[in-house]
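[1] need a structure here:
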Amino acid sequence: MSPVRTMLRRPRGLVAAGVAGLLIAAGASAPAGAEANNNTSHKLRDAVTAAGVLHHQQAMQDIGTANGGTRVSGTAGFDQSKDYAVSVFRAAGYGVTVQPFQYQTFIDHGQSAVDQVAPAPRQLPHTVLTYSGSGDATAPVATPSEPLGCEAADYAGFPAGSIALVSRGTCTFAIKATNAHNAGAAAVVVYNNGPGALGGSLTSAFTLDIAVTGITQALGNELLTLVPGGLTLHVKTDTFRGQATTYNVFAESRYGDPDNIVMAGAHLDSVNAGPGINDNGSGAAAILEIAKQMRKVHPTNKVRFALWGAEESGLVGARYYINDLRTNHPDLLQKIALYLNFDMISSPNYVRFVYDGDNSAFPVGPGAAEGPPGSDAIEALFHDYFASVSQPSAETPFSGRSDYGPFIEAGVGIPAGGLFTGAEGVKTAAQAELFGGVAGAAYDPCYHQLCDALTYDFAADVDRAAIYAELNADYDMAGNVNLDALEEMSDAVAHAIITYAFDTRSVNGSGKGHPVSPPGQSGSGAAAGGGTDSGGGLHPDDDHEPVL
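    Numbers count the residues shown, from 1 in each chain. Next up is the predicted model:
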């Protein structure tokens with residue numbers, strides 16, 4: 001790792017036009033030059049603007065608003081998001097394929113509750129873990145002998161009919177919930193083992209009829225002090241688990257070498273709790289806008305854009321795609337030159353994270369997968385680009401817990417990489433010094449929640465009002481979208497896609513063509529900022545949940 005370099009934090013911030021002006025611009029007619037052949041990095045980055053990307057995020061917000069505030073796979077909100085994406089791709093002249101698949105869906109019908117009944121009745125902030133069963137229980141609270149509850153023996157002597165209060169960590173949520181259920185627990189409340197809200201998944205294999213909810217570490221520690229004196233809670237969830245059909249969407253360039261395919265993707269679905277305008281409306285919207293602005297490009301290599309379904313249910317769409325190719329079209333799998341993944345690129349309290357493809361910051365081990373050969377070159381390209389525009393960058397684990405995971409697990413050596421601006425992890429003081437923002441607050445304080453939206457009254461939200469007031473003072477913001485992050489990261493996404501569309505030789509030795517990046521964007525490939533293991537653009541699910 002090279003020493004930290006001194007760089008400007010906001011060299012390309014948006015002009016102070018205000019959110020309303022940006023939305024008007026996003027919906028207006030295409031600016032001059034939008035139909036140009038944007039076949040170099042500079043030209044494409046000039047054409048891809050935050051206003052253009054935000055236009056697609058606004059469309060997703062409108063879809064979410066019209067469908068109960070969600071775009072989760074298996075619902076009309078996702079289906080309409082899919083239809084919108086198809087219309088954008090087709091209007092830009094791409095060959096479009098919609099791939100249906102079935103999966104075990106999860107829908108939270110709402111009206112959940114975690115209420116303290118005694119002592120001192122009050123409502124408690126909480127989340128419903130994905131794939132929780134339905135339940136409605138009012139009972140005393142008890143804890144396992146070992147707070148983590150990872151072993152059946154931890155529940156020896158547990159009073160049947162009680163509500164189990166357990167800590168996150170070491171084993172999966174499903175194991176904790178199963179052990180509690182088998183011991184006769186009426187419901188399970190899991191408290192976090194670090195700052196921030198607890199969101200996660202029991203995965204589709206969990207079918208027990210028991211309510212499983214999550215609370216913060218601070219609230220969990222407070223409740224623990226009340227257990228010896230007699231703590232009673234009311235826990236209620238109303239959920240659906242069953243088979244549903246959802247979709248992946250692919251858009252392929254009409255030109256380019258079909259034996260050397262550059263793939264770039266993002267997941268299109270949200271979680272049940274909200275419309276998902278940062279997670280992952282931001283990555284999906286960037287893909288749509290870049291595809292639109294590349295409509296006249298004749299790349300050397302074929303470019304395939306992918307929008308994945310059911311990512312929030314365990315990378316289901318990307319896994320389905322890779323498994324289908326492996327089983328039915330192994331020759332086509334071999335033709336994928338590389339995969340670029342963009343999951344959350346407009347986080348309010350952002351850092352410019354690059355996946356650690358060479359494992360230099362996060363060696364191979366728990367939480368850090370080995371990048372296939374060529375992944376190091378993708379990482380270097382992003383760091384080089386950020387250095388060339390005087391923006392610091394940092395690294396995050398290449399753990400495979402987003403849609404690039406199935407690609408690096410495919411067994412054919414597909415190089416992968418991507419960008420991320422942070423999820424539920426907490427920004428450090430050193431990162432705030434380097435990147436700006438609020439130290440001690442989550443990168444995305446609305447991660448996996450209703451307020452991950454363009455239309456939300458943050459001033460009325462006592463848990464977030466102060467954080468968002470400070471962020472609004474430092475950045476151009478549109479709801480839960482940091483427009484500075486969106487501008488900077490969309491440029492980096494565009495740079496990578498257009499570069500590899502013409503030349504993948506640095507990654508796989510193939511792709512005859514000519515470099516399309518200007519001089520000064522091929523430096524050392526080293527990060528300017530420190531790395532982090534707190535998020536990775538990754539969604540906590542049973543198979544990949546951070547355990548400490």
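
[2] can you pull the domain assignment for this structure?
    Per the record, the chain has its domains at 40-105+244-508, 111-237, by automatic domain parsing.

[3] buried ones in stretch 491-505, by neighbour count?
    Neighbour-count burial for stretch 491-505 flags 491-504 (criterion: 16 or more other C-beta atoms under 10 Å). For every residue, glycine as well, the C-beta is placed using N, CA and C.

[4] list the ones among those that fall in helices.
    Among the buried residues of stretch 491-505, the subset assigned to helices under DSSP state H consists of 491, 492, 493, 494, 495, 496, 497, 498, 499, 500, 501, 502.

[5] any chance you could map the strands in the stretch 51-200 of the chain?
    Counting by DSSP state E, counting those that start in this stretch, the stretch 51-200 of the chain has these strands, from start to end: 95-108, 113-118, 122-123, 127-128, 135-142, 163-167, 187-191.

[6] just name the most buried of those.
    Compared across the strands of the stretch 51-200 of the chain, strand 187-191 shows the largest average neighbour count, a mean of 27 (mean count of other C-beta atoms under 10 Å).

[7] the inter-axis angle of whichever helix or strand comes after that strand versus strand 135-142?
    Past strand 187-191, heading to the C-terminal end, the next element that is a helix or strand (DSSP states H and E) is strand 211-215. Computed with axes from the mean of the first three to the mean of the last three C-alpha atoms, to 10 degrees, the direction of strand 211-215 lies at 60 degrees from that of strand 135-142.

[8] list of residues touching strand 211-215?
    112, 114, 124-129, 132-137, 168, 173, 177, 187-192, 197-200, 202, 223, 235-237 (C-beta atoms under 8 Å, 6 or more residues apart in numbering).

[9] and it with strand 187-191, angle?
    Orientation of strand 211-215 against strand 187-191 (the same axes, to 10 degrees) gives an angle of 20 degrees.

[10] and strand 211-215, which strands flank it?
    Applying DSSP bridges, strand 211-215 is found paired with strand 127-128 (antiparallel), strand 187-191 (parallel).

[11] which one of those lies closest to residue 444?
    Closest of those to residue 444 is strand 127-128, at 14.3 Å (criterion: C-beta to C-beta).

[12] and the helices in the stretch 1-150 of the chain, which stretches?
    Using DSSP state H, counting those that start in this stretch, the helices found in the stretch 1-150 of the chain span residues 19-27, 41-47, 50-65, 76-91.

[13] so which of those helices is the most surrounded?
    Compared across the helices of the stretch 1-150 of the chain, helix 50-65 shows the largest average neighbour count, a mean of 24 (mean count of other C-beta under 10 Å).

[14] rewinding a little: can you tell me which of the domains of the chain is most buried?
    Sort the domains of the chain by mean neighbour count, taking mean count of other C-beta under 10 Å, and domain 40-105+244-508 sits at the top with a mean of 23.

[15] show the end-to-end separation of that domain, please.
    End-to-end distance of domain 40-105+244-508: 21 Å, with C-alpha to C-alpha, to the nearest Å as the criterion.

[16] let me have the domains of the chain in CSV, extended by mean pLDDT.
    As requested, the domains of the chain are exported to CSV (pLDDT from 0 to 100):
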stretch, mean pLDDT
domain 40-105+244-508, 96
domain 111-237, 95
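
[17] so can I have JSON lines of the helices of the stretch 1-150 of the chain showing distance to residue 415?
    Below are those laid out as JSON lines (distance: least, C-beta to C-beta, whole Å):
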{"stretch": "helix 19-27", "distance to residue 415": "34"}
{"stretch": "helix 41-47", "distance to residue 415": "20"}
{"stretch": "helix 50-65", "distance to residue 415": "26"}
{"stretch": "helix 76-91", "distance to residue 415": "25"}
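
[18] picking up where we left off before, do you know which of the strands of the stretch 51-200 of the chain lies nearest residue 383?
    Comparing the strands of the stretch 51-200 of the chain by their distance to residue 383 (C-beta to C-beta), the top pick is strand 95-108, with 33.1 Å.

[19] so what's the closest residue to residue 213 other than its chain neighbours up against?
    Once its chain neighbours are removed from consideration, residue 213 has its nearest residue in residue 126; the separation is 4.8 Å (C-beta to C-beta, 6 or more residues apart in numbering). Neighbour list for residue 126: 112, 113, 114, 189, 213, 214, 215 [criterion: C-beta under 8 Å, 6+ apart].

[20] nearest to residue 424, of these?
    residue 214 (11.1 Å).

[21] tell me the bridge partners for the closest one.
    When assigned by DSSP bridges, residue 214 has beta-bridge partners residue 127, residue 190.

[22] now it: how far from residue 176?
    11 Å (C-beta to C-beta, to the nearest Å).

[23] over to residue 489?
    35 Å.

[24] same check on residue 238?
    From residue 238 over to residue 176 the distance is 21 Å, taken as C-beta to C-beta.

[25] can you give me the strands in the stretch 201-350 of the chain?
    Per DSSP E, counting those that start in this stretch, the stretch 201-350 of the chain has strands spanning 211-215, 232-237, 239-252, 257-267, 301-308, 336-342. These are given in chain order.
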